[in-house]
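> The amino acid sequence is not available; the structure is as follows:
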């Protein structure tokens, strides 16, 4: 540690790698926090957690008893245990008693990405509410055709303010806050949509995962999805930086090269020959086997609705894009976690050792900074996997029942997890007790006056 | 090489890594003698596949070619990502074929292509004896479909077009394929078929029953654990497959975990 500081001082170590090293050292020592506690007012399982993206200070949680609460995670509301344990009580709660509150469980609560003045909750009572944080009033309300499973807003968006909503209806709806109306619907899924995520590289790209096991990429500026992920299309490892395939076969024939492995290169030539036999299966758009008469009836952009490729053998329950937008992690109810290369649309075949994942509810995955680790709620524990090799790096056991969501705050290197046991647990890097006594407020008073 | 030093524990049998592929012939005679503890781990997927194929139990009632389950590979080779990728490249080279099984939860069976073709031949012979229907479809299936379609599932339209490369296809032909056990309909989607291994039904039943039996025999014990060596000696009542097959499968799928102790490997039921 001191050597690193010295190197940084002398300029041998770059500032970015210095911070990355310190952060990853801290992440490696994550454990249940012995100095921070979030007091949750919820009386039912916690379905959604999010820390705001602008300051990284306020945690928003949505629970199954139709309550949503906000906590300040940087400043404690009170101290206990002689100043050693910081208790964070909620700043406010909105629940069923609120005149415009939700009536059934809240499945998703997210902050407005621009500032913390608004937050959006989606609930099983078919409504999406947009709340003003300071007055805790509902400023806008959208009615959906089915239970809302997930809502998402793009953090990169500069030209639109759309809320993407995944419901038990097969269509994904986009709601516009600026106008208060629905802007458009995206159809293509054949069953309810359990997860929606905006792409982290483009403000126009939306990724949705459905109960039919398909993951679709939509460009909201045009009709139909432009990519459906198929688990049988795979590539071995990361793509090489300069693609060796010519653009003629520009679709998903797997580029079978991996960065360090010694594999035969001849399957590629064979694959292309084989692809001609079932060539129409390989391309993402216009994926039309000879279904003659159907072809004329559909708009070319809607051809993707005939594509029945599945990304998982069950429902897709969680999606998370890496920060650079090049890879996508997906969790399914078949208890598999897959890593997809977004640009080629292939499964990178990284095997994450998950025995079981809960399949009835959407789960929220979290990635650490630089997306080197992914935190996945696996039944009652949260496991941290190394994204590129699939090895389990840490297991966090602390919840008494199934864990539904986790959120990693990269500013503080803390992990917040919420589960069916109504608790929000904080996992922070280990800290020596000796340090805390200096930092806590001076409660050490002698008995005699002085 | 470091794997063998772990495994050559209490038995005192040090078997060098390089000798394993050449010993496949002698193994077929002595496979009962070799303990699971000594060859629980391999460094290469293809070697693991060959070894496990050689150790496939002989079932008297059904004639079935050896197959390996994917979970067995996971328990044998340490790095699962490496297993997935090597399997993928073997599949593309048409060395092995992967089938999805219906015994729940993403089970896959891996069979060497030659074994699969042998199995198909047995089916054709059985049909020839009974003189049922037009047997050309099996030839078309073998030359056109198996050679070009490497995935475990196929769409109806595609099957039709590929079989038509051989001749005029009627619906009766596809029913013949399904009757022969080479294709099964998918439950989710009426237009898709899974490729299947013929005559495997009773073996799969034995597989799921055997799994339950192994897990229950461990769960009944007070501490839910047993030494691997004594576990291997048990005989299973409901499954024609041997204990070693089931142990590898359950360890790989995560239901059981092995712990190294001073007296050898211990098998324990894992609580998630």
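Received it, and whenever you're ready, just let me know what you need. All of these numbers come straight from a predicted model, not from anything done at the bench. Numbers count the residues shown, from 1 in each chain, chains lettered A, B, ... in the order given.
> Show me where the stretch 51-200 of chain B dips below the pLDDT cut-off.
Low-confidence segments of the stretch 51-200 of chain B (pLDDT under 70): B:132-133.
> could you pull out the helices for it?
Assigned helices in the stretch 51-200 of chain B, in chain order: B:70-76, B:80-92, B:113-130, B:136-140, B:147-148, B:156-164, B:171-179 (criterion: DSSP state H, counting those that start in this stretch).
> Quick one: mean pLDDT for stretch A:54-70?
Averaged over stretch A:54-70, pLDDT sits at 94.
> Now do that stretch: distance to the chain's middle.
Stretch A:54-70 has its C-alpha centroid displaced from the chain centroid by 16 Å (Cα atoms, centre = their mean, to the nearest Å).
> most neighbours per residue, which of the helices of the stretch 51-200 of chain B?
Highest mean neighbour count of the helices of the stretch 51-200 of chain B: helix B:70-76, a mean of 23 (counted as mean count of other Cβ atoms under 10 Å in any protein chain shown). (Each C-beta comes from the backbone N, C-alpha and C, glycine too.)
> If you count contacts, what does that one end up packed against?
On a contact count with 3 or more Cβ pairs under 8 Å, 6 or more residues apart in numbering or on different chains; DSSP states H and E, helix B:70-76 meets helix B:45-54, helix B:80-92, strand B:108-112, helix B:243-253.
> For chain A, which helix extends over the most residues?
Secondary structure of chain A per DSSP state H: the longest helix is helix A:15-28.
> if we can go back for a sec, next, format the helices of the stretch 51-200 of chain B as CSV and append distance to residue A:182.
Formatted as CSV, the helices of the stretch 51-200 of chain B follow (distance: least, Cβ to Cβ, whole Å):
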stretch, distance to residue A:182
helix B:70-76, 44
helix B:80-92, 42
helix B:113-130, 52
helix B:136-140, 51
helix B:147-148, 45
helix B:156-164, 36
helix B:171-179, 45
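> Name the residues of the helix or strand following the longest helix of chain A that are buried.
Remark: after helix A:15-28, the chain's next helix or strand is strand A:30-32, criterion DSSP states H and E. In terms of neighbour count (16 or more other Cβ atoms under 10 Å in any protein chain shown), strand A:30-32 has its buried residues at A:30, A:32.
> Now residue A:414. Nearest residue, chain neighbours left out?
In this structure, residue A:414 finds its nearest non-sequential neighbour in residue A:428, 4.7 Å apart by Cβ to Cβ, 6 or more residues apart in numbering or on different chains.
> and what of residue B:209?
Using Cβ to Cβ, 6+ apart, the nearest residue to residue B:209 is residue B:238, at 4.0 Å.
> For that neighbour, grab phi and psi.
Note on residue B:238: backbone dihedrals following degrees, to the nearest 10 are phi -110, psi 0.
> What's the local residue count around it?
Other residues lying near residue B:238 total 12 when counted by other Cβ atoms under 10 Å in any protein chain shown.
> contacting residues around it?
When contacts are counted by Cβ atoms under 8 Å, 6 or more residues apart in numbering or on different chains, residue B:238 is found next to B:206, B:209, B:210, B:212, B:213.
> again, 10 Å this time
Residue B:238 makes contact with B:205, B:206, B:208, B:209, B:210, B:211, B:212, B:213 under the criterion Cβ atoms under 10 Å, 6 or more residues apart in numbering or on different chains.
> before we move on, what SS does the first one have?
Just to be clear, that refers to residue B:205. With DSSP: H, G, I helix; E, B strand; the rest coil as the basis, residue B:205 sits in helix.
> Next, work out how far apart the residue nearest to the spatial centre of chain B and chain A are.
Taking Cα atoms, centre = their mean, the centroid of chain B lies closest to residue B:68, which sits 2.3 Å from it. The gap separating residue B:68 from chain A is 16 Å, by Cβ to the nearest Cβ, to the nearest Å.
> Which strand residues bridge that residue?
Beta-bridge pairing of residue B:68 under DSSP bridges involves residue B:110.
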